[in-house]
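**Student:** Predicted model and sequence below, questions to follow.
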Amino acid sequence: MVVTAADVIHSFWVPRLGGKIDAIPGRRNVIRLEADEPGIYWGICAEYCGPGHDTMMFRVEAHPLADYLQLREGPL
Ligand SMILES: [Cu+2]
């Protein structure tokens, strides 16, 4: 997953998946996340970045391996 920002520095963090990486304007940082189980995992910005910080949540969808591989490869 490529992480960047459009305004100020944020910190991309998905607590249940353990991944945290800075999101910095003008940079493309890469983070690899792997879930033990398919499902929805919530993430938050872990660095105070200004107004609206407390509502900066996002979700990561973890798919079963077969579904993920099909998404990557496209329709047969
Ligand atoms: Cu923030």
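**Tutor:** Cool, got the structure. Numbers count the residues shown, from 1 in each chain.
**Student:** Tell me how far stretch 17-30 lies from the chain's centre.
**Tutor:** Put simply, stretch 17-30 sits 8 Å off its chain's centre (Cα atoms, centre = their mean, to the nearest Å).
**Student:** Strands of the protein, start to end?
**Tutor:** Taking DSSP state E as the test, the strands found in the chain are 2-3, 10-14, 19-23, 29-30, 39-45, 57-62.
**Student:** which residues touch the second one?
**Tutor:** This points to strand 10-14. The contact list for strand 10-14 (Cβ atoms under 8 Å, 6 or more residues apart in numbering) reads 3, 19-23, 31, 33, 41-47, 49, 56, 60. No exception for glycine: its C-beta is placed from N, CA and C like everyone else's.
**Student:** one more time with 6 Å
**Tutor:** 3, 20-23, 41, 43-47, 49, 60 (Cβ atoms under 6 Å, 6 or more residues apart in numbering).
**Student:** quick one on the thing from earlier: can you tell which of the strands of the chain is closest to the ion?
**Tutor:** Closest of these to the ion is strand 39-45, at 3.2 Å (criterion: Cβ to the ion).
**Student:** roughly how far apart are Ala35 and the ion?
**Tutor:** For Ala35, the distance to the ion equals 23 Å [Cβ to the ion, to the nearest Å].
**Student:** Looking at per-residue confidence, what score does that residue get?
**Tutor:** pLDDT, Ala35: 95.
**Student:** Could you export the contacts of strand 10-14 as a markdown table, including pLDDT, distance to Trp13 and neighbour count?
**Tutor:** Shown next, in a markdown table, are the contacts of strand 10-14 (pLDDT from 0 to 100; distance: Cβ to Cβ, whole Å; neighbours: other Cβ atoms under 10 Å):
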| residue | pLDDT | distance to Trp13 | neighbour count |
| --- | --- | --- | --- |
| Val3 | 96 | 10 | 17 |
| Lys20 | 94 | 4 | 15 |
| Ile21 | 97 | 8 | 18 |
| Asp22 | 97 | 10 | 16 |
| Ala23 | 97 | 10 | 23 |
| Tyr41 | 97 | 11 | 17 |
| Gly43 | 97 | 6 | 19 |
| Ile44 | 97 | 6 | 18 |
| Cys45 | 97 | 7 | 20 |
| Ala46 | 96 | 4 | 17 |
| Glu47 | 95 | 9 | 16 |
| Cys49 | 96 | 12 | 16 |
| Val60 | 94 | 11 | 17 |
